[in-house]
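Novice: any chance you can model this:
(one chain, ligands or ions: 2)
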Amino acid sequence: MDRVVIVMPTFNEAENIGFMIEELLGKEFPKINADMHLLVVDANSPDGTAKIVEGKMKRYKNLHLLSKKKEGLGADYVAGFKYAVEKLSADAVVEMDADGQHPPSNVSRMVDAYLAGADYVIGSRYVPGGSVPREWAFSRKAISYLGNLFIRLVWLKFWLHDVTTGFRLTRVKGVLDKIDLDNLMAKERFAYKVDLLYQSVKNAKVIKEVPLEFKPRLKEKSKFNPKEMVVTFKVAIILGIRDKQRFIKFGTVGFMGYLVNAFSLKLMTTLGVPGILAWSIPVELAIISNFTLNNIWTFKKEKIIGARRIVYKFFQFNLTSMGALVIQTVSGNIADAVFGVGARQIVLPFIILFLVLPYNYFMYNAVIWKTWKLPWFKSK
Ligand code: GDD
Ligand code: MN
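Specialist: Ligands and ions are numbered 1, 2, ... in the order given. As a prediction, the model looks like this:
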């Protein structure tokens, strides 16, 4: 049976932790078809949170406690993950708050999604069935939603609906074990979870969002503050820009493709090669150059290897290039009709910039090198 360890950080949760333990170990775990464990990572809470956990450990053998000095939410989670993997042999870990905001009743559908094959399960407030507390003021709801939207925009990851949620499940093999936990950004803060999510999404093959009914805090007050929010956006933007490096490389390779095209056309002319070949060979050379350079540079992390695979993908790449041909022909003719033939030289850069480039970038990421895992492009 798969072992799922819920890692639950606590700082001064004496008023809530007992209730959470009873709900999870007493009520929810027996209903779930996995070997469920709860690991409380307590940051030496002065209010005696750990004492309560120790008391409950006598009754529940699936309850564990890691007491450590307070290093911040991200760092304490990392310590918990390591403990869960190394000491408890977890197959999957769950991030969950101790204050009742993540209802224990929402755990089972998260684990079900994992058991059904998901590598990364996101407890989402912004999918049907998910919610934020009704008693939240409109401004707070707006900040949460717009903050999320902003990060999704910066990342171009619209298919994720909740990127700041604190309720998530991560498969250890292939996802968590691929992440350099010691070097997460902003580990001492809440923002750690943005980097963790970003990297998990990259590694996970199957990602599933399940509804999270985010509840108001049971007792005591939140440790989140505006500073946490600023750092969260900062981390999100840095991660987003890193991704744009790929776009810059893509643009550079495209420009080199153009040079290959232009120089070989010149060569054809010098050699006196007949018209059809003189115009078509340079295109194919540019395609070869684009495919090769993108493969070893732009998409080096996703590099296509093996002769068969390269041949297959190169064929696909050529088909993709045909798509660009169709786009330019169709939009060019529309532009002719609207602006007249005289405007062609002005129209061309716009077609390239706004249609051909986005099209190519999309196809490379979604179809050829598959850095974007879009649900409607599942096939290899
Ligand atoms: N070990 C440890 N160390 N635990 C901590 C620390 C720390 O430094 N800081 C907070 N915690 C624990 C709390 O005791 C609680 O169980 C959990 O981490 C979340 O802290 P809250 O203070 O309840 O956070 P929140 O409710 O403001 O934020 C929640 O919602 C955000 C999204 O709106 C969390 O789920 C965040 O992770 C999430 O981003
Ligand atoms: Mn909370």
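Novice: could you report the pLDDT at the closest residue to residue 296 other than its chain neighbours?
Specialist: Beyond its immediate neighbours in the sequence, the residue positioned closest to residue 296 (Cβ to Cβ, 6 or more residues apart in numbering) is residue 303, lying 6.6 Å away. Just so you know, the C-beta spots here come from the backbone N, C-alpha and C atoms, and that holds for glycine as well. Here the pLDDT value assigned to residue 303 is 94.
Novice: can you check residue 226 too?
Specialist: Reported pLDDT at residue 226 in the predicted model: 78.
Novice: and the strands in the stretch 151-300 of the chain?
Specialist: Across the stretch 151-300 of the chain, reading from the start of the chain, the strands by DSSP state E, counting those that start in this stretch fall at 168-171, 207-211.
Novice: can you tell me which of those strands comes nearest to residue 160?
Specialist: Closest to residue 160 of the strands of the stretch 151-300 of the chain is strand 207-211 (Cβ to Cβ; 7.3 Å).
Novice: get me the contact residues on the stretch 1-150 of the chain for ligand 2.
Specialist: Within the stretch 1-150 of the chain, the residues that sit near ligand 2 (Cβ under 5 Å from the ion) are 97, 99, 101.
Novice: and the first one, backbone torsions?
Specialist: The phi and psi values for residue 97, taken as degrees, to the nearest 10, are phi -80, psi 160.
Novice: how about it: what's its closest non-neighbour residue?
Specialist: Counting by Cβ to Cβ, 6+ apart, residue 166 is the residue found nearest to residue 97 once chain neighbours are left out, at 5.6 Å.
Novice: tell me which element residue 33 falls in.
Specialist: For residue 33, there is no host helix or strand (DSSP states H and E).
Novice: can I see the domain layout of the protein?
Specialist: Domains of the chain are assigned by automatic domain parsing as 3-224, 244-368.
Novice: out of these, flag the one nearest ligand 1.
Specialist: In terms of Cβ to the nearest ligand atom, the element of these nearest to ligand 1 is domain 3-224, at 2.4 Å.
Novice: that closest one vs ligand 1: in contact?
Specialist: Yes: Domain 3-224 reaches ligand 1 (Cβ under 6 Å from any ligand atom) through 9-11, 13, 41, 43, 70, 72-73, 76, 97-99, 101, 144, 164, 166, 190, 193, 222-224.
Novice: against residue 292, how distant is the residue nearest to residue 296?
Specialist: 11 Å (Cβ to Cβ, to the nearest Å).
Novice: could you do residue 260 as well?
Specialist: Going from residue 260 to residue 292 by Cβ to Cβ gives 10 Å.
Novice: in terms of neighbours, single out the busier of the two.
Specialist: Between residue 260 and residue 292, counting by other Cβ atoms under 10 Å, residue 260 is the more crowded of the two (19 against 13).
Novice: is that one in contact with residue 284, as I believe?
Specialist: No: taking Cβ atoms under 8 Å as the contact criterion, residue 260 and residue 284 are not neighbours in contact, 10.1 Å apart.
Novice: run the contact check for the lengthiest helix in the chain versus ligand 1.
Specialist: The longest helix of the chain (DSSP state H) is helix 226-271. No: judged by Cβ under 6 Å from any ligand atom, helix 226-271 stays clear of ligand 1, getting no closer than 7.7 Å.
Novice: what's the mean pLDDT across stretch 26-39?
Specialist: According to the model, stretch 26-39 has a mean pLDDT of 98.
Novice: show residues contacting it.
Specialist: 1-8, 21, 24-25, 60, 62-66, 80, 83-84, 88, 90, 104-105, 107-108, 111-112, 114-115 (Cβ atoms under 8 Å, 6 or more residues apart in numbering).
Novice: just the CA trace of that stretch, in PDB.
Specialist: Output in PDB follows, covering the C-alpha atoms of stretch 26-39 (Å, rounded to 0.1, in the frame of the first residue of the first chain):
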ATOM      1  CA  GLY A  26      -9.600   9.200  14.200                       C
ATOM      2  CA  LYS A  27     -12.000   9.900  11.400                       C
ATOM      3  CA  GLU A  28     -10.400  10.400   8.000                       C
ATOM      4  CA  PHE A  29      -7.500   8.100   7.700                       C
ATOM      5  CA  PRO A  30      -9.500   4.900   8.200                       C
ATOM      6  CA  LYS A  31     -11.700   5.900   5.200                       C
ATOM      7  CA  ILE A  32      -8.600   6.300   2.900                       C
ATOM      8  CA  ASN A  33      -7.200   3.400   0.900                       C
ATOM      9  CA  ALA A  34      -3.500   4.300   1.600                       C
ATOM     10  CA  ASP A  35      -1.100   3.900   4.500                       C
ATOM     11  CA  MET A  36      -1.700   7.300   6.000                       C
ATOM     12  CA  HIS A  37       0.600   9.100   8.400                       C
ATOM     13  CA  LEU A  38       0.700  12.500  10.000                       C
ATOM     14  CA  LEU A  39       4.000  14.200  10.800                       C
END
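Novice: so that it lines up with my notes, have the first residue be 58 from now on.
Specialist: From this message on, residue numbering opens at 58, which makes the last subject stretch 83-96.
Novice: which parts of it are buried?
Specialist: Neighbour-count burial for stretch 83-96, with 16 or more other Cβ atoms under 10 Å as criterion, is recorded at 85-86, 89, 91-96.
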